[in-house]
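1. attaching a predicted model along with its sequence, questions to come.
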Amino acid sequence: MHHKKDKLQKFKNLKMILANRIRKIRETYNLTQSEVAYRCKITPSAYGQIERKASKCSVETLTKIADAIGVSLPFLLDIHNDNYFQ
């Protein structure tokens, strides 16, 4: 059971790292959360949740976010890359 708990924690950490990467990329492109949310056709509140914890974030939504910011999906998802400008 402890092994499952470790995996779940690791997954939560990855989601937080991704959420932070999305925020940093958006900020690098000088976009507000509201601007990206509008371009994605989601509410600013929903977008804010994505940047806080990447919660309930489908591949479709991640694709919309990448398009809205102007980066590729692989670049957006590359959590091991410290570069935030493509």
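-> Sure thing, it's come through. Numbering: from 1, shown residues only.
2. and the closest residue in space to Ile79 that isn't next to it in sequence, what helix or strand is that in?
-> By the measure of CB to CB, 6 or more residues apart in numbering, the closest residue to Ile79 outside its immediate chain neighbours is Ile17, 4.9 Å from it. To be clear about C-beta, it is placed using only N, CA and C from the backbone, and glycine gets the same treatment. Counting by DSSP states H and E, the element that carries Ile17 is helix 2-28.
3. repeat that for Glu35.
-> In this structure, Glu35 sits in helix 33-40 according to DSSP H and E.
4. just the CA coordinates of that helix, formatted as PDB?
-> As requested, the backbone C-alpha atoms of helix 33-40 are provided in PDB (Å, rounded to 0.1, in the frame of the first residue of the first chain):
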ATOM      1  CA  GLN A  33      -4.200  34.400 -17.200                       C
ATOM      2  CA  SER A  34      -7.300  36.100 -18.500                       C
ATOM      3  CA  GLU A  35      -5.800  36.400 -22.000                       C
ATOM      4  CA  VAL A  36      -4.900  32.800 -22.200                       C
ATOM      5  CA  ALA A  37      -8.200  31.700 -20.700                       C
ATOM      6  CA  TYR A  38     -10.100  33.700 -23.300                       C
ATOM      7  CA  ARG A  39      -8.000  32.200 -26.200                       C
ATOM      8  CA  CYS A  40      -8.700  28.700 -24.800                       C
END
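5. what residues of it count as buried?
-> Going by neighbour count (16 or more other CB atoms under 10 Å), the buried part of helix 33-40 is Gln33, Glu35, Val36, Ala37, Arg39, Cys40.
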